[in-house]
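> missing the sequence, but the structure's below:
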Ligand SMILES: Cc1ncc(C[n+]2csc(CCOP(=O)(O)OP(=O)(O)O)c2C)c(N)n1
Ligand SMILES: Cc1ncc(C[n+]2csc(CCOP(=O)(O)OP(=O)(O)O)c2C)c(N)n1
Ligand SMILES: [Mg+2]
Ligand SMILES: [Mg+2]
């Protein structure tokens, strides 16, 4: 789609492709590896045409071996390359878990070896992928010191954070939400930009309560905020953008301003990222609180396949509205 | 050691052995598998003599293959056996992560197949094991619906919970703390007993503040409570014993009684089990709270090896005292 | 890099010596005729047809946008899962992979259940919790497929271990794709099974591609069967498009396992005739290759042999085809009539009760 | 189950044909003499002695209770890591496992650093963060060992991939135990390296046990080298107690990798002469077996060959031994004098700064 000024709207998916392309063009150390990313262009076609442009070594089709993909990325990264590894679906990251938590995460702490790698993980539900193609894997890695995690909610952040991730000297898990791939778009600046890792963003101001969220849920939050506004409730929405390192300051600032806070995520509730956010607030801003800290999150089950089940499972605008009304009235 | 009445004191380690032995004797479906558990009797000698007693198939030495160990346990469990798999150190559970989270945890939800397996995981620090022999792996699995997790702090619970875990129809991760193996002992009842999964225990009563904890930290908590008592602060100590399913009622009851609460664990802080406990309290007992929810936990780093570093890393009585005094004065 | 196995395959796998030292099975020989009774061959033919008709219907439903998730078919590879499943006893167990629809059907999963599963209905074996070919039912001896490829191989070994521990003579058969053999769990499972001589048979559907990845980018060996050497495991290479050959190879390996002699690895040479899933046009596969393999279609091959052996005539084939189409029609009606689950059912069944469910 | 390889080994591996089809290296032959210069052999002998003396000292310190954690030695297996490390160029890279002390020393880690590491001192390569043989330093081309066995094999392949991508002729050598070859990561790494012909050499220290687990409970094959067949990877079996044989085999494989011809697998037959770690009395190993292997000690073997080839005499050996003992004394003094880290240093270094550290 083209806007009135002639600028091109770019989808979330295209933003990711652009970031990869720009970084590969600028930095010969950057290369990609993963299953079916070459000739096929990736399961989601993010690297379509890349192999023609950069050759079959810089866009490397690997055997079906997630652990080797991540392990090889680590080795190449330590030798000065900037590998970007793709998990075909984030769900399969469980097969590379050990390499991530034991090798990538600990090398710098143990012996000072930087591991500048990016793991792209297409994640999240809403696409009827069922228990093995819908996972939100962030909490596992959130609890693993040595890894960074980013989770953009917009095309702008998708591009800017991926470029920052590639330039970072640490292992970064890049969570790209499959539901957003083709559903959101925006005009991006023509000039180069990077979104620094570690900075949350207040995406909507409000003074009655705060909602802390990230990923696809940012859009659910904004939709809910719009409705609440009409009911006279001004909900502030904070998009974390980066999960590790977490921008606690921005969270606490918002809480201090509104005195009431909710956390929203698509991942299951128990032990999710929301628990940590709630705990930090309860620890560091207790005095500012004027009500319980409410979490809206998926129930503690695998992601079910059948549309009515999945619809029930994934947090919805209504869930946010209900919780927000309750909290506002507290 | 023998007490005045002639009853034998049993270490935490012996309690584990006893539970395995009793369950194997009573139930032919129970068998053990793992690395070096047979001839050698296991890295910590928990199954010493078992192979002589039960043969080389029911005490099965496996190749060095954690994923196969857990996978095979799952398969045997689904076919009606009751496998107890040993990870030589809990740290190596990362190599079996995928089998646990994708296969064991999801089978019953997806298609109704019960997976009655126990994964024994010798965990925790304080033994100068360094970054790969000291891990507390609970938070990863705590966030995985479908798994149960128990973490006994006493010989009594070690025995009773292991028996309950073996009899449970679900995958249970049994966290046995290496530091406690030979350091604590008690006289156990002669008659058979089981400690039901899912019940926390108030191990010390108090009304000034509550401390929620589990595993080796229970002993740190009790030592701190003793000292605080002398200072006029009555700290209640709750030993969770089971992490999943969590006994939220007992936690909330204690919080409602004392109005002030701390959470203590040896695992690293961010995204740890303590975050969930704090979040539940902040959500469900906010009205009862008279101060911030304080977490005392290890810092967000791998477990360092050198004694001064490790001593700094692991939460200590002093850390609890300092936090408790602050909270009591709040 | 090695050239893909394709060229040689085109000459008909069963008929040639292969370089790997693995036994090569002949197909359609007189010797085979003595080993496969007419009733059995016809029954397998029926299952080939049923599988084809069912999956063709799935493809149609997918194109009509009536399947919410993905759809995978075994089109052109039906002989593999029909053949191995047919060789099993009722109390044996299978742990299939995602192109084994024939095995589900042979084991008694009905086409209605399959379509209900695809449509997310409560009457599917997973009650809507899971989709497509993730069908499992312990009562029918079926361990449900897990997307994570090769994850079920250690599980299959473990099921076999249970049988061995109890002194039962039951056997487990599992299958994986050529791509799946690159995963660590493949290695750990075959190694463990071999060390302990477990009663499990490892099939490999070598359809020459893993999604878009051709065999020579998946492994440096020409025959997947070479992988078995790392475990001192006997292996066999079989024409995966010949249901009789697969059946006999499966039977040999299953009986070997039943006798306590340990696991066998069976590579079935075949070709993936559709895209990886129904959304994939598979442009990366040379058209000529598909044309070539179309001639080797397992149903055509079965019909040729049935005719040659005097087991059946064209009118028998037509009757079977009419029968299966009717079965699929009825099945679809059933699936369509079946209710969707209600949202809150999403919360059910994360944990098993204390009562043991399923079969032991 | 297979019988362990032990019996055959006792006849001297290098001298016999082996059943696996892998090349068997001879040792101590005249041909070898022409390939190894006197200075090089003497230098390797020095490293054998240095490794032995250093690890003997570690054992003593462990028994004195002065090492907080565990202690692992390569006693009787020093020839393997000395041999392969000595065959490398300065800018090549190693990813050793836990019985490769010789390689660390050859690559320039000092005995003082090793002892500082064991004692948890700030002057150890990990500044007290990690213990025992978890030594790493990218400037010296050493990727630190990770306890999780075989984890560093994909990492080694990845380092080799970096060299290949940049068109460099550098090579990576990695090592694993017989037990470590059962892990999934072993399979994934060798498969990937082979498909992409990466410049990496996979050594395997087959010391016949993994902790208490004998080879026949670890794998069904007789020679670990059989594993290489699954990857169409050339393999070689070598007498792991003969430093010259290891060195030459390493050289062949390294130069092959350097020429872009891909990875090689080298099985070194040897025996673990101590317990798994110093706390383990290894009662499960037959005493006779240890007696037999004591005669094949790599230092004795090296001395015999050095004498035979006229490269050195007993007085040379004594001089080396005196030299290394002095070096170890000095090293221990250094380690003892070194400060322990302060508690809060535990918080340092979880993340790298934006400035790249280490060598590219
Ligand atoms: C561990 C894992 N990684 C990636 C995928 C995604 N995926 C699904 S099927 C497939 C290709 C499988 O190829 P193969 O094993 O040869 O089976 P085929 O589909 O060709 O029958 C891939 C990459 C997966 N399911 N599991
Ligand atoms: C993944 C993993 N599982 C278990 C262990 C515990 N462990 C340490 S060394 C060892 C035996 C290793 O045997 P092998 O690979 O043959 O090497 P060796 O010690 O004999 O040289 C075991 C089981 C480990 N380090 N990593
Ligand atoms: Mg395939
Ligand atoms: Mg060994």
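On my side now, so go ahead. The structure displayed is predicted, hence computed values, not measured ones. Ligands and ions are numbered 1, 2, ... in the order given.

> Residue numbers of chain C in contact with ligand 3?
Residues of chain C lying near ligand 3 by Cβ under 5 Å from the ion: C:177-178, C:207, C:210. The way it works is simple: take the backbone N, C-alpha and C, and place the C-beta from them, glycine included.

> Among those, which lie within strands?
Counted as lying in strands by DSSP state E, out of the residues of chain C next to ligand 3, are C:177, C:210.

> Need the max-distance pair from the residues of chain C next to ligand 3.
Across those, the longest distance by Cβ to Cβ is 8.5 Å; it joins C:207 and C:210.

> and for those two, which residues touch both?
Residues touching both residue C:207 and residue C:210 (Cβ atoms under 8 Å, 6 or more residues apart in numbering or on different chains) are C:177-178.

> before we move on, back to that, now list the buried members of the residues of chain C next to ligand 3.
C:177-178, C:207, C:210 (16 or more other Cβ atoms under 10 Å in any protein chain shown).

> Looking at these, spot the one nearest chain A.
residue C:210 (5.4 Å; Cβ to the nearest Cβ).

> and that closest one, what are its bridge partners?
residue C:213 (DSSP bridges).

> correct me, but it touches residue C:179?
Yes - Residue C:210 lies in contact with residue C:179 (Cβ atoms under 8 Å); the separation is 2.5 Å.

> who touches both of these two?
A:64, C:218.

> what mean pLDDT would you report for the one helix or strand residue C:249 maps to?
Remark: residue C:249 resides in helix C:243-258, with elements defined by DSSP states H and E. Average pLDDT, helix C:243-258: 98.

> right, and the helix or strand after it?
That would be, after helix C:243-258 and using DSSP H and E, strand C:264-269.

> who touches that following strand?
C:5, C:9, C:13, C:22, C:77, C:79-80, C:84, C:190, C:201-206, C:223-225, C:227-228, C:231, C:233-241, C:246, C:249-250, C:252-253, C:256-257.

> List the neighbouring strands of it plus their orientation.
Applying DSSP bridges, one finds strand C:264-269 paired with strand C:200-206 (parallel), strand C:235-239 (parallel).

> How far does the first one sit from its chain's centre?
Here the centre of mass of C-alpha atoms in strand C:200-206, compared against the chain's by Cα atoms, centre = their mean, to the nearest Å, lies 9 Å away.

> try the last one
Relative to its chain's centre, strand C:235-239 lies at 15 Å (Cα atoms, centre = their mean).

> any idea of the angle it forms with helix C:243-258?
On the basis of axes from the mean of the first three to the mean of the last three Cα atoms, to 10 degrees, strand C:235-239 is oriented at 160 degrees to helix C:243-258.

> Could you pull out the buried residues of stretch C:343-353?
So, applying 16+ other Cβ under 10 Å, buried residues of stretch C:343-353: C:343, C:345-346, C:349-352.

> From the contact counts, what lies against whichever helix in chain C runs longest?
Ordering each helix of chain C by length in residues (DSSP state H) puts helix C:38-63 first. Where contact means 3 or more Cβ pairs under 8 Å, 6 or more residues apart in numbering or on different chains; DSSP states H and E, helix C:38-63 is packed against helix C:78-86, helix C:101-106, helix C:111-118, helix C:243-258, helix C:298-308, helix C:314-337.
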